[in-house]
Structures are given as C-alpha cells and as structure tokens.
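> sharing a sequence plus its predicted fold:
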Amino acid sequence: MKHNALRSFFICGLILIGMALFPLFTNNFIIRFGTDILMFAIMASAWNIIGGYTGYASFGNVVFFGIGAYTTAVLMEKAGFGFALAYASSGLLAAVFAILVGLPVLRLRGHYFAIATLGVAEAMKALVQNLEITEGNSGIYLPMLDMSVRGQYYFFFYMMLATLVACLLTTYILLNAKFGYSLIAIREDEDAANSVGINTTYAKTMAFSLSALFTGFAGSIYAYQQAFIKPEPAFTVHTTVKMIVMAVFGGMGKLFGPLLGAFSIEVISEILSDHFLVAHALFFGTIVILAIVFTPKGIMDIITERKLNVSYFLENIRKHRV
C-alpha cells in the first residue's frame, strides 16, 4: 500500500514538473490552449467535490465562476485593487455565496437540487445584467497586465496551474480525513450517514463552499486574462455542462478523473473543430455518448483497473443496463 502511494506521488511529481516546463518549449497558441485546459480542469475538479464525492449534481456551478470573474472585474476597475487581492476576494466571495445559497438548496436532493442550482445561476445572471456596478450587458473592461505578450501567456498559465494544484491537493487532504469519509457516506446513503451521527448539513455545505472557492478562483483568472467580462460568457449554462461532462468522462469521484477528462475533451474538441468544422458538434457528441456508454466510470477506471478489452466494455453495458 505504501509502495503504491509513493509510486503515485512520484508519477504526479513528474507530471507536475512536465506541466511546469511545458510553456518554455512551445508557442503562444499552445500555451493559451493549455491554459484553457487547466481552467476547465479546475472547474471540473471543483465540481467533483460536490458532484462526484458528495453525490449532489449541481447544474449551477457556473454561478461561482461568474461571481469570481465579476468580483475581480469590479474590484480592479472600480476600486483600484491589485490582482492578488482581487483573486483572493473572488474565491472567498464565491465560497460565502455558496454557503448562503447552500443552506436552503442543499435540503433538496436529486433532480430537485439540480434544477434549483440551475435557477440560482440564471437568477444571478439576470441580476448582473441589471446592476449599475456591473455595467449590465455592456460589460466591464479590466486593467491590462503590465508584461510582455509572452510574459502574459506565462503568467496566466502558471496561475491556472497553481490553482489546479491547490484544488487537487486540498481535495486529496480532505478525502483522507474524517471530512472526506463523511462526503462519501452522504453519497452512498445520506439517511444512514445521518443516523450514525454525521452532520450532513455541515459536510454538504462545506463541500459546496469548497467547490465554489476554486471555481471562483478560475473565474478571477479568466476575467483578468480576457481583460473584459460580460454576463453571457461568465454565467452561461454551457460552462456548467462542460465541467460536468469532463468530470464524468474522466471519472467522477476520482481525484485525477476530471483533469484527465478536461484534457481529453478539449483535445478531442480542438481536433474535431479543425477537421470537421460543420459536423464538429455531432462528432463530439457521438464520442462523448460512446465513452459514457462503454466506460460509465470514466477513463480513469480503465487506467486504474488496467483493462482495455472487449469483455470490459461488454461487462459495463450489462452491469449498468445500457
């Protein structure tokens, strides 16, 4: 067991070093593409805390991304804050919002919870569109980063990478603590978890808040990178759907599943858009559906179980009644 843990950390260390050195040997387009992958990996990993480990499929996590983006925009443009303080404030405000919303919403379960979170995201989008401080649909311009063009690409890539590492490390630590076991107990049987003395309300709310914290950080970096933010891209439901698909595709409830899903989905999407411009969405949707049908536990299950044969896929179809 100890040998496997050391091997996993060694592999993760090599991957981290490779990712850190990656921008030094490529062009600006690839660095920007890598930054986008890291952003979605953060959001999918953050969603995994509430959706994968706790079992509450939130369809409104984009609201935390939008709050993070707009908090940074307002603080930097209106209040003259530096990015470091705006970044920290964005994640914290998203986390506080998640606690306030989560206390009533997390009393719901299943599709009721999913619909409620979707409603919260749409309501926040409408609010931002009509607030004077957010300048409505006109959007907000942010101060430009005072660096060379190449330096800007480096800065945003490493900010996303650092945030992703923080998210994965926090998740790993919590999962190996009593709090993590509480989340898994809630996912498996919430009533049974309640009956053995687990404070399920506290655990669910904190998981929702942690998910919001890192999603808010991603929104903050995105807003500064774009140097302009509007309600539509910041609060679009498409972003939530994408982070869910990435988590499911890579493997829900697994630490590195969302990261693998984000990389796979973005690379497949980019390749298809280059070669099949018109039918891109059709091919992309087909690939995702086939992957979910044949590997419902995600790509990580194939890697960890070391199974890649016809019997494995047929077993999944029979087991999950596809």
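Yep, that arrived. Residues are numbered from 1 along each chain as shown.
> measure the residue nearest in space to the middle of the chain to residue 170 for me?
Closest residue to the average C-alpha location of the chain: residue 43 at 1.3 Å, with CA atoms, centre = their mean. From residue 43 across to residue 170, the span is 15 Å (CB to CB, to the nearest Å). In this view, the C-beta of every residue, glycine as well, is placed from N, C-alpha and C.
> equivalent analysis for residue 59, please.
23 Å.
> and residue 199, by the same measure?
Counting by CB to CB, the gap from residue 199 to residue 170 is 20 Å.
> if you count what's nearby, which of those two comes out ahead?
Shown here are residue 199 and residue 170; by other CB atoms under 10 Å, residue 170 has more neighbours (16 against 12).
> let me know the helix or strand that the more buried one is in.
helix 149-175 (DSSP states H and E).
> so which elements touch that helix?
When contacts are defined as 3 or more CB pairs under 8 Å, 6 or more residues apart in numbering; DSSP states H and E, helix 149-175 sits against helix 2-21, helix 28-48, helix 178-188, helix 200-226.
> what ranges do the helices span in the stretch 51-200 of the chain?
Applying DSSP state H, counting those that start in this stretch to the stretch 51-200 of the chain gives helices spanning 62-77, 83-105, 110-130, 149-175, 178-188, 190-195, 200-226.
> what are the buried residues along the fifth one?
Think helix 178-188. 180, 182, 183, 185, 186, 187 (16 or more other CB atoms under 10 Å).
> just the pLDDT for the closest residue to residue 65 other than its chain neighbours.
Nearest residue to residue 65, sequence neighbours excluded (CB to CB, 6 or more residues apart in numbering): residue 219, at 4.0 Å. The confidence metric pLDDT takes the value 96 at residue 219.
> list the contacts for residue 43?
Contact analysis of residue 43 by CB atoms under 8 Å, 6 or more residues apart in numbering lists 61, 65, 214, 215, 218, 239, 243.
> assess the claim that the second one and residue 220 are in contact.
Think residue 65. No. Using CB atoms under 8 Å, residue 65 is not in contact with residue 220; the gap is 9.3 Å.
> so where is the stretch 201-322 of the chain shaky, pLDDT-wise?
Low-confidence segments of the stretch 201-322 of the chain (pLDDT under 70): 275-281, 283-284, 304-322.
> and if you look at the stretch 1-150 of the chain?
Applying pLDDT under 70 to the stretch 1-150 of the chain flags the ranges 1-9, 11-12.
> ok, and what's touching stretch 90-109?
In contact with stretch 90-109 (CB under 8 Å, 6+ apart) are residues 56, 63-64, 67-69, 71-72, 75, 113, 116-117, 120, 190, 201, 204-205, 208-217, 219-220.
> actually, stretch 137-146.
Contact with stretch 137-146 is made by 70, 72-74, 76-77, 83, 129, 134, 151-152, 155, 223-224, 226-232, as judged by CB under 8 Å, 6+ apart.
> ok, and for that stretch, which residues are buried?
So, applying 16+ other CB under 10 Å, buried residues of stretch 137-146: 139, 140, 142.
> looking at those residues, spot the one nearest residue 256.
The closest of the buried residues of stretch 137-146 to residue 256 turns out to be residue 142 (CB to CB; 32.2 Å).
> what's the closest non-adjacent residue to that closest one?
residue 227 (4.9 Å).
> ok, residue 266 next?
residue 37 (4.8 Å).
> okay, the one you found and residue 270: tell me how far apart.
Counting by CB to CB, the gap from residue 37 to residue 270 is 10 Å.
> neighbour-wise, which of the two wins?
More crowded of residue 37 and residue 270, by other CB under 10 Å: residue 37, with 23 against 14.
> residue 170 contacts residue 207, correct?
No. Counting by CB under 8 Å, residue 170 does not reach residue 207; the two are 11.5 Å apart.
> next secondary structure element downstream of the helix or strand residue 239 falls within?
Assigned by DSSP H and E, residue 239 belongs to helix 237-250. Using DSSP H and E, the helix or strand that follows helix 237-250 in sequence is helix 257-275.
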